[in-house]
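In: okay, sequence plus prediction incoming.
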Amino acid sequence: MRILITGSRGQIGQCLRKVLPEDWELIATDSKTLNITQFENVENMVSVFQPDVLVNTAGYTDVVAAETDIERAFAINAQGTLNLARAAKKHGARMLHLSTDYVFDGKKTTPYTESDIPNPLNIYGQSKLIGELMALSFNPNTLIIRTSGVFGDRGNNFVRSILQKAHNQEKIRVVNDQICCPTYAFDLAATMVTIIKDYPELHGFQHFTGNEAVSWYDFAHKILTLAKLDTSLIEAVNSDNMQVSRPSYSVLTSENKLELYARNMESAIISTLEEMA
Ligand SMILES: NC(=O)c1ccc[n+]([C@@H]2O[C@H](COP(=O)([O-])OP(=O)(O)OC[C@H]3O[C@@H](n4cnc5c(N)ncnc54)[C@H](OP(=O)(O)O)[C@@H]3O)[C@@H](O)[C@H]2O)c1
């Protein structure tokens, strides 16, 4: 199996590299070796390497900055995804593309399935939604994996930032009125490998997250409790005064009924703390 990964220095890209089977042939690119916004470079790389699967873990992921850095967010999340899909289609590659719970507006009170209609509340979500549409329109042999709240010992993520603030004895303000399912990066990466190996025909959408729905406040509390750090540093706030609108209920579920594994949140946090130690 030949795999081309974009964004391989990012949080999820790094995890994926770690869990790929050793006998798979890998070309791992990052923003310097393959800028996905440049179609000619993308086309050239795909043409030379002829991957069976192109996995896009590259993305513009700063939700706050995206509100003002709109062009760049769309260039990477929409145009970049389109470039990859066109090249994948031309060279007969399957594409796996990561997307987000933020394509939904969070107004439902039951988990979002793959058939629910997106309605993003912010620029990041809009750019990811356009990326989804581009990917599927230009290469029907694409699977879009929507996930949420990814954390682990690599890259920037919520667990790392909460621990850092607690170590610095900073007050930590966390919303208690937004619910999500935190997702352990290694479970997501392992799931991507399972999908490549065991579900070669799957295309369209697949939701994959951790299996516990919590508020960000409860998640932060759990992290500090398990790290044996001072939970009184956390202050619960509501999202009314936040700079960026985000879905209040962004719990995903899947109607595809695949056999995919996510460990429980507590053991995922413990594994993260152990890996960081
Ligand atoms: N993290 C989450 O909670 C979450 C939730 C849902 C969906 N997702 C999606 O999952 C994907 C990966 O997320 P992540 O957490 O791994 O993000 P991340 O740590 O921010 O990594 C994203 C990577 O994309 C690369 N990149 C940015 N612009 C690029 C460009 N023009 N060309 C090539 N590479 C570029 C960055 O490279 P440099 O490091 O060189 O800048 C970075 O390494 C994203 O599509 C994101 O939308 C993430």
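Out: Thanks, I have the structure now.
In: looking at the stretch 51-200 of the chain, what residue ends up closest to the ligand?
Out: Relative to the ligand, the nearest point of the stretch 51-200 of the chain is G59 (2.5 Å; Cβ to the nearest ligand atom). In this view, the C-beta of every residue, glycine as well, is placed from N, C-alpha and C.
In: now do that residue, the pLDDT please.
Out: pLDDT, G59: 98.
In: quick one: secondary structure of it?
Out: coil (DSSP: H, G, I helix; E, B strand; the rest coil).
In: equivalent analysis for L98, please.
Out: From three-state DSSP, the assignment for L98 is strand.
In: so what's it bridging to?
Out: I145 (DSSP bridges).
In: before we move on, the earlier item: what sits against the residue of the stretch 51-200 of the chain closest to the ligand?
Out: 7, 10, 76-77, 98, 128 (Cβ atoms under 8 Å, 6 or more residues apart in numbering).
In: then N35?
Out: N35 sits in contact with N41, where contact means Cβ under 8 Å, 6+ apart.
In: next one: phi and psi at it?
Out: phi -80, psi 110 (degrees, to the nearest 10).
In: quick one: G149 from I223, how far?
Out: 12 Å (Cβ to Cβ, to the nearest Å).
In: okay, and the common contacts of those two?
Out: The contact sets of G149 and I223 overlap at F158 (Cβ under 8 Å, 6+ apart).
In: quick one: L121 and Y102 touch, right?
Out: Yes: look at L121 against Y102 with Cβ atoms under 8 Å: they come within range, at 7.4 Å.
In: quickly list what's touching both of the two.
Out: Residues touching both L121 and Y102 (Cβ under 8 Å, 6+ apart): 246-247.
In: if you count what's nearby, which of those two comes out ahead?
Out: Between L121 and Y102, counting by other Cβ atoms under 10 Å, Y102 is the more crowded of the two (27 against 18).
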